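Colleague: sequence plus the predicted model coming up.
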Amino acid sequence: MATGTATSPGPSGATLVDACHLDFASPVDDTPHPHPGPQIGTLTLTQQHGAGLLITDYRPCPAS
């Protein structure tokens, strides 16, 4: 289970999703687990006439 997503309002009704700091901890125990892959990045989602969201921009996470 991934946690730590952050959303904020963007320009023109878009939603910004920062998925650069997700935590893939186990929901069952406190045992450390390796991350299943790289962080997703920052996405801009735009409402599509009431029929869902479209990813209209993508930016990779900054190098750590």
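Modeller: All right, it came through fine.

Colleague: so how far is Cys20 from Pro32?
Modeller: 20 Å (Cβ to Cβ, to the nearest Å). (Each C-beta comes from the backbone N, C-alpha and C, glycine too.)

Colleague: quick one: which of those two has more around it?
Modeller: Cys20 (18 against 7; other Cβ atoms under 10 Å).

Colleague: per-residue confidence at that one?
Modeller: pLDDT, Cys20: 86.

Colleague: who touches it in this structure?
Modeller: For Cys20, the contact set (Cβ atoms under 8 Å, 6 or more residues apart in numbering) comprises 39-42, 61-62.

Colleague: redo that, cut-off 7 Å
Modeller: Each residue near Cys20 by Cβ atoms under 7 Å, 6 or more residues apart in numbering is listed here: 39, 41-42, 61.

Colleague: same thing with Gln48?
Modeller: Leu54.

Colleague: what of Leu45?
Modeller: Leu45 touches 14-15, 17, 53-55, counting by Cβ under 7 Å, 6+ apart.

Colleague: Thr42 reaches His21, doesn't it?
Modeller: No. The criterion here is Cβ atoms under 7 Å, and Thr42 misses it with His21 at 10.5 Å.

Colleague: just the strands from the chain, written as ranges.
Modeller: For the chain, the strands defined by DSSP state E occupy 6-9, 14-19, 41-47, 53-59.

Colleague: including distance to Ala25, could those go into JSON lines?
Modeller: Output for the strands of the chain, formatted as JSON lines (distance: least, Cβ to Cβ, whole Å):
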{"stretch": "strand 6-9", "distance to Ala25": "17"}
{"stretch": "strand 14-19", "distance to Ala25": "15"}
{"stretch": "strand 41-47", "distance to Ala25": "20"}
{"stretch": "strand 53-59", "distance to Ala25": "25"}
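
Colleague: compare these and give me the one nearest Ser26.
Modeller: The closest of the strands of the chain to Ser26 is strand 14-19. By Cβ to Cβ, the value is 19.0 Å.

Colleague: appreciated, that's everything.
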